[in-house]
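[1] sequence and computational prediction follow.
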Amino acid sequence: MIDTISLIKSVGEYNNMPIITDSLERSSANKWLPWIVCITGSLLFFYEAIQMMMFNSLNTSLMASFNVNATQLGFVSSVYFYTSASLIFVAGNMLDRFSTRMLILMSMLTCTIGTLGFALSPDLIIAAAFRLIVGIGGAFCFLSCVKLASRWFPPSRRAMVVGVIVTMFMLGGWVAQTPLTALIHKFGWRYALFLDGLLGIVITALMWFVIKDRPKKDSHLTAEERETLKKIGLKKAIVSVLKNPNNWCGAFYTCLTNLPVYLVGAFLGSMYLQQAQHLSTSHAAFVSGMIFFGSFLGSTSIGWISDRIKKRRLPMIVGALLILAVVAIIIYVPGLSFIELMLLFFALGYVTSAQVLGYPTVAEHNPAVLTGTAVSIVSTITVFSGAVIFPLAGWLLDVSGQHKKIKGVMHYSLTAYHHAMIILLVAAIGALIAALLIKETNCKHQMDATL
């Protein structure tokens, strides 16, 4: 363990390779540098979104290739979430103590290897093992982006920047829908994932030349932060973060408002639209992808609104109420047309973007040096929810009794899908309760955010 930590620290200090960033810092274009660095870093989140959401496009292909039902497929998909969730808190602590740049590069490489391995998997067990490897890299994807943004942007722009980072995630989620579906249809799922792995290699190379831990003028702060963390101690830092009730409220709010993206956008959306709403494969992928288009606009605009009005709690409450309304319409209004489904999925993506407010809210309730550790609670619970929701939704579909196998693929009824989607109504109510309980920060670090 000591040797591993020493290796990460020594490699992280070798920071003279981001040639593009070093060059821009010396030029007149350096005002754009924070955006260039943070958006490049968020490509890890973008890439992870593809891996996280791709089962929505792969479901029927994997069912036919491996001869499995929804419950078994849900288990394989959930391996990613179990792995990520179990490591995120560790990742948060590492990001507070070691080079963000090198941890991002290591994570990106791990995800790429796991993706290529999944494409070559001969059976379900091997596929699950490579899914686990992808999950290891996924533990760092969001936290590293937030840590990078906290060093390149002032706190007053935090929600806006987090919104942009989440937008990159949603862009990756969209790529996992219509574009990936088209690749699978044309080349088959294995070749499509092989191309996905090649994309990972290209992104890793770009990150190597661009990402830098912090601006050159702030380089002295690295040593100061490490000294502060050394004085605090690992145990005291963890206890402080875990004892803060606002961290848990923010975490559960983010987790519950994100569940529609997981369940509809990453797992059941395309199957539901094809089997229950009788859309074609291409139309189902398009409608399912609308949840990510809605999030493109919502993640940035809701973050901007929150920063603008200097409030976190109010837009969180409104977001939870709107999620409840949109989900209820999707489940209970019969005979929805293609256009209506498209608009509803877009609206669902937009309103679930209120989840971006959970991250800055938690960060503002904790000391700045513990940003990674504090936000890791949010990410742990959010990712763990995926580990629970996928097998649970698959089980609810299977136990409904309203299904049959056609050409090796299990088909479920509209009633069975609605039975599984009631989970989202419960989640929206839980999110509303969490938003009501959390304390307002007015977009500032709180006086009680100390050790």
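    Structure received.
[2] make it CA atoms for all contacts and neighbour counts henceforth
    Noted.
[3] residue ranges in the chain under the pLDDT threshold?
    Low-confidence segments of the chain, defined by pLDDT under 70: 1-17, 19-29, 220-223, 266, 401-402, 407-408, 447-451.
[4] quick one: the strands in it, in order.
    Taking DSSP state E, the strands of the chain run over residues 403-406, 409-412.
[5] need those strands in JSON lines (columns: distance to T60 and mean neighbour count).
    Shown next, in JSON lines, are the strands of the chain (distance: least, C-alpha to C-alpha, whole Å; neighbours: other C-alpha atoms under 10 Å):
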{"stretch": "strand 403-406", "distance to T60": "11", "mean neighbour count": "11"}
{"stretch": "strand 409-412", "distance to T60": "6", "mean neighbour count": "20"}
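[6] between those strands, which one is nearest to I203?
    Minimum separation from I203 across the strands of the chain (C-alpha to C-alpha) falls at strand 409-412, 34.7 Å.
[7] all helices of the stretch 151-300 of the chain, in order?
    158-175, 178-187, 189-210, 220-232, 234-243, 245-260, 269-275, 281-309 (DSSP state H, counting those that start in this stretch).
[8] same deal with the stretch 1-150 of the chain?
    Counting by DSSP H, counting those that start in this stretch, the stretch 1-150 of the chain has helices at residues 2-13, 19-25, 33-41, 43-53, 55-66, 70-97, 100-119, 124-138, 141-152.
[9] among these, which is nearest A416?
    Across the helices of the stretch 1-150 of the chain, closest to A416 is helix 70-97 (C-alpha to C-alpha), at 12.2 Å.
[10] what angle separates the closest one from helix 124-138?
    If you take axes from the mean of the first three to the mean of the last three C-alpha atoms, to 10 degrees, helix 70-97 sits at 30 degrees to helix 124-138.
[11] what is helix 70-97 packed up against?
    When contacts are defined as 3 or more C-alpha pairs under 8 Å, 6 or more residues apart in numbering; DSSP states H and E, helix 70-97 sits against helix 55-66, helix 124-138, helix 141-152, helix 371-399.
[12] okay, buried residues for the last one please.
    Think helix 371-399. Using 16 or more other C-alpha atoms under 10 Å as the test for burial, helix 371-399 gives 371-387, 389-398.
[13] what does the first one give?
    Applying a neighbour-count criterion of 16+ other C-alpha under 10 Å, the buried positions in helix 55-66 are F55, N56, S57, L58, N59, T60, S61, L62, M63, F66.
[14] what's it in contact with?
    68-69, 73, 77, 123-124, 176-177, 180-181, 184, 189, 265-271, 285, 407-409 (C-alpha atoms under 8 Å, 6 or more residues apart in numbering).
[15] now restrict those to buried residues only.
    By 16+ other C-alpha under 10 Å, these give 68-69, 73, 77, 124, 176-177, 180-181, 184, 189, 265-271, 285, 408-409 as buried.
[16] quick one on the thing from earlier: do you know which of the strands of the chain lies nearest I238?
    Closest approach to I238 among these is made by strand 409-412 (45.0 Å; C-alpha to C-alpha).
[17] picking up where we left off before, can you put the helices and strands packed on helix 70-97 in a markdown table and add distance to W248?
    Shown next, in a markdown table, are these (distance: least, C-alpha to C-alpha, whole Å):
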| stretch | distance to W248 |
| --- | --- |
| helix 55-66 | 29 |
| helix 124-138 | 21 |
| helix 141-152 | 16 |
| helix 371-399 | 7 |
